[in-house]
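J.: Sequence first, predicted coordinates after that:
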Amino acid sequence: MATKRKKKTTEESHEPTGSLTTDHWDRQLIGVNPVGDPIHLVYPRVALKKNSRDVRIVFSKKRKRNIAVPCQSKSYTLALKHSMPEILKQWGEREPIGGAHERLDITAIYYAGPGVEPDLDGACVGCGDLLAKAGVIYNDRFIHSWDGSRVIPHYVHQQEPHTEVTIVRREYIGPKRKR
């Protein structure tokens, strides 16, 4: 009669615990940092909110009338022009991170240019939109926190305006379902 082997508990096994999937390990092999390791990006300019208060009046064929459409802000357009190539060069051909089983903790330090100091909220929104458009993250809704993010005024650092971003991937278990 064959004897039953005792199943290893998670404490005895040396395999990773949690809901890590084979997809996670496949992404690790192609160059994306595993969960918990920080990813560092530096790009020129500080991207502010995507939309400005300016609107364009456009004729809608569907509604058969003129409608007001918000325009992209000038600072976001300039950030796309100058920062996107730098982000793409640093990120390379890797797959976007974040998703249903992953949350992102981002720390962004915004070195502001001379003149008006941007507000932190607008800078964080612009940074999230820029990272999503560049293909670094799937969607900015997977950003769990912006802890440690700050704006450093120009008179303190006396450098060219730029943004330093650190992204840490966290495993997301999700709410427990009722049975």
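T.: Okay, I see it.

J.: buried ones in the lengthiest helix in the chain?
T.: Across the chain, the helix with the greatest residue count (assigned by DSSP state H) is helix 74-91. Along helix 74-91, these residues count as buried under the neighbour rule (16 or more other CB atoms under 10 Å): 75, 76, 79, 80, 83, 84, 86, 87, 91. Heads up, the C-betas are built off the backbone N, CA and C, glycines and all.

J.: Lowest-confidence member of the residues you listed, which is it?
T.: Least confident of the buried residues of helix 74-91 in the model: residue 75, at 79.

J.: hang on, the earlier thing: kindly format the C-alpha coordinates of the longest helix of the chain as CSV.
T.: Extracted in CSV, the C-alpha atoms of helix 74-91 (Å, rounded to 0.1, in the frame of the first residue of the first chain):
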residue,chain,number,x,y,z
LYS,A,74,0.1,73.8,-22.6
SER,A,75,2.3,72.3,-19.9
TYR,A,76,1.0,68.8,-20.6
THR,A,77,1.5,69.2,-24.3
LEU,A,78,5.1,70.4,-23.8
ALA,A,79,5.7,67.5,-21.3
LEU,A,80,4.5,65.0,-24.0
LYS,A,81,6.8,66.6,-26.6
HIS,A,82,9.9,66.7,-24.4
SER,A,83,9.4,63.9,-21.8
MET,A,84,7.8,61.1,-23.8
PRO,A,85,11.0,60.2,-25.8
GLU,A,86,13.1,60.1,-22.6
ILE,A,87,10.6,57.9,-20.8
LEU,A,88,10.3,55.5,-23.8
LYS,A,89,14.1,55.4,-24.0
GLN,A,90,14.4,54.4,-20.3
TRP,A,91,11.5,52.0,-20.3
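
J.: And it, what does it pack against?
T.: strand 38-44, helix 120-134 (3 or more CB pairs under 8 Å, 6 or more residues apart in numbering; DSSP states H and E).

J.: which is the next helix or strand following that helix?
T.: strand 102-111 (DSSP states H and E).

J.: quick one on the thing from earlier: could you tell me the least trusted of the helices and strands packed on helix 74-91?
T.: strand 38-44 - the lowest mean pLDDT of the helices and strands packed on helix 74-91, at a mean of 88.

J.: Partner strands of the helix or strand following it and their direction?
T.: Next along the chain after strand 38-44, taking DSSP H and E as the criterion, comes strand 51-60. Sheet pairing for strand 51-60, assigned by DSSP bridges, gives strand 65-72 (antiparallel).

J.: angle of the partner strand against helix 74-91?
T.: Interaxial angle, strand 65-72 versus helix 74-91 (axes from the mean of the first three to the mean of the last three CA atoms, to 10 degrees): 60 degrees.

J.: So for strand 65-72, mean pLDDT?
T.: For strand 65-72, the mean confidence score works out to 81.

J.: Can you point out the buried residues in stretch 154-170?
T.: Of the residues in stretch 154-170, those buried (16+ other CB under 10 Å) are 154, 161, 162, 163, 165, 166, 167, 168, 169.
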